[in-house]
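J.: Only the shape, not the letters, is given here:
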């Protein structure tokens, strides 16, 4: 599922990026903004997916490390509980399997005093050691010993030992070269695409055509109120907005109603090709009073002979 989500996100991001540049080239700003927002959403989704995957992997590793540390601590606890709580020569319990039941004790005052003194010292040392060696110290020791434990899957005969692994992994010049080549190619493509988009949307002077005027025919539809007066007002708003979006100032720009929601706009003097692209893109993209326009055709009107 992770790779499927990556694939779907990559396809969606590529489609949004392609349409973003296409709409920029056509001067359709509203659609370009929508595609850009979709591209950002998909990118955030992909980044969040990668981050969640990495966080889940780190969480699993922490849980495994903690489980191994607890296992080591448990073994230390078991070994501590299995050890005698006092020195064997201080244990007064009868020995099992002892044959001689008639014990004879040597009552020598010096030996009794020395033994009692050594017993007290040993008992004090034992109590101090058992008091200072608490669970925290054992937990820290278990954490340090975790790296020395066997792997979760156990040891296998076909698993290479530590002594068989090289201290430093060998370098892979081929992989480094491939990564450098891919980075250079991607950087070059992005730079070329950036310059192409900048050149396509750049506003620059262009030679005026020999035509007398430029004409655009478009159809206007109004949602939920497609009546004549409403449609006429929406068409007028759309035309006035878009004719002012061109770089050149065109004062003479009448709009004629051809019937059935079809209108023809004429701009005089004629518009260059770059301004015609901007005018066509604006008519396809702009909305006014719940109305939208579809460009049916465009052309240059030549002067009469």
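T.: Great, that's in hand. Given the structure is predicted, the values throughout are model-derived calculations rather than measurements. Residues are numbered from 1 along each chain as shown.
J.: Distance check, the residue nearest to residue 299 when sequence neighbours are not counted against residue 55.
T.: Spatial nearest neighbour of residue 299, excluding adjacent residues (CB to CB, 6 or more residues apart in numbering): residue 215 at 5.7 Å. Where C-beta positions appear, they are placed from N, C-alpha and C, glycine not excepted. Residue 215 is 60 Å from residue 55, where distance means CB to CB, to the nearest Å.
J.: do residue 208 as well
T.: The spacing between residue 208 and residue 55, counted by CB to CB, is 61 Å.
J.: With residue 216 instead?
T.: Distance from residue 216 to residue 55, counting by CB to CB: 55 Å.
J.: for the residue nearest in space to the middle of the chain, phi and psi?
T.: Per CA atoms, centre = their mean, the C-alpha nearest to the average position across the chain is that of residue 47, at 1.0 Å. When read as degrees, to the nearest 10, the backbone of residue 47 gives phi -60, psi -40.
J.: Just want to check the distance between it and residue 9.
T.: In terms of CB to CB, residue 47 sits 10 Å off from residue 9.
J.: need the contact list for residue 212.
T.: 268-270, 301-303 (CB atoms under 8 Å, 6 or more residues apart in numbering).
J.: Throw the residues you listed into JSON lines and include distance to residue 20, thanks.
T.: Output for these, formatted as JSON lines (distance: CB to CB, whole Å):
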{"residue": "268", "distance to residue 20": "34"}
{"residue": "269", "distance to residue 20": "34"}
{"residue": "270", "distance to residue 20": "31"}
{"residue": "301", "distance to residue 20": "34"}
{"residue": "302", "distance to residue 20": "37"}
{"residue": "303", "distance to residue 20": "40"}
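J.: Please check those residues and keep the buried ones.
T.: The neighbour-count test (16 or more other CB atoms under 10 Å) marks 268, 270 as buried among the contacts of residue 212.
J.: Out of the contacts of residue 212, which comes closest to residue 255?
T.: residue 268 (12.7 Å; CB to CB).
J.: domains for this structure, by residue range?
T.: 1-88+112-148, 213-301 (automatic domain parsing).
J.: Comparing the ones you listed by mean pLDDT, which bottoms out?
T.: Lowest mean pLDDT within the domains of the chain: domain 1-88+112-148, a mean of 79.
J.: which strand residues sit across from the residue nearest to residue 299 in the sheet?
T.: Residue 215 has the following beta-bridge partners by DSSP bridges: residue 266, residue 299.
J.: still on that earlier bit, which ones among the contacts of residue 212 are found in strands?
T.: Counting by DSSP state E, the part of those found in strands is residue 301.
J.: Now flag whichever of the contacts of residue 212 is closest to residue 31.
T.: Closest to residue 31, out of all of the contacts of residue 212 and judged by CB to CB, is residue 270, at 26.9 Å.
J.: isn't the closest one right up against residue 207?
T.: No - assessed by CB atoms under 8 Å, residue 270 is found out of contact with residue 207, at 10.7 Å.
J.: Can you lay out the domains of the chain as JSON lines showing distance to residue 194?
T.: Converted to JSON lines, the domains of the chain look like this (distance: least, CB to CB, whole Å):
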{"stretch": "domain 1-88+112-148", "distance to residue 194": "10"}
{"stretch": "domain 213-301", "distance to residue 194": "19"}
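J.: from these, which stretch is densest packed?
T.: With neighbours taken as mean count of other CB atoms under 10 Å, the domains of the chain reach their highest mean count in domain 213-301, at a mean of 17.
J.: any idea how far that one is from the chain center?
T.: Relative to the mean C-alpha coordinate of its chain, domain 213-301 is positioned 43 Å out (CA atoms, centre = their mean, to the nearest Å).
J.: can you give me the helices in the stretch 201-305 of the chain?
T.: For the stretch 201-305 of the chain, the helices defined by DSSP state H, counting those that start in this stretch cover 228-243, 273-285.
J.: Identify the residues contacting the longest one?
T.: So that's helix 228-243. 220-222, 250, 253, 255, 257, 261, 263, 265, 267, 279, 282-283, 286, 288-291, 293.
J.: Would you mind measuring from the closest residue to residue 254 other than its chain neighbours to residue 232?
T.: Spatially, and ignoring its direct neighbours in sequence, residue 254 is nearest to residue 266 (5.7 Å; CB to CB, 6+ apart). According to CB to CB, residue 266 stands 17 Å off from residue 232.
J.: got it, and residue 53?
T.: 57 Å.
J.: Next: residue 66.
T.: From residue 66 to residue 232 the distance is 74 Å (CB to CB).
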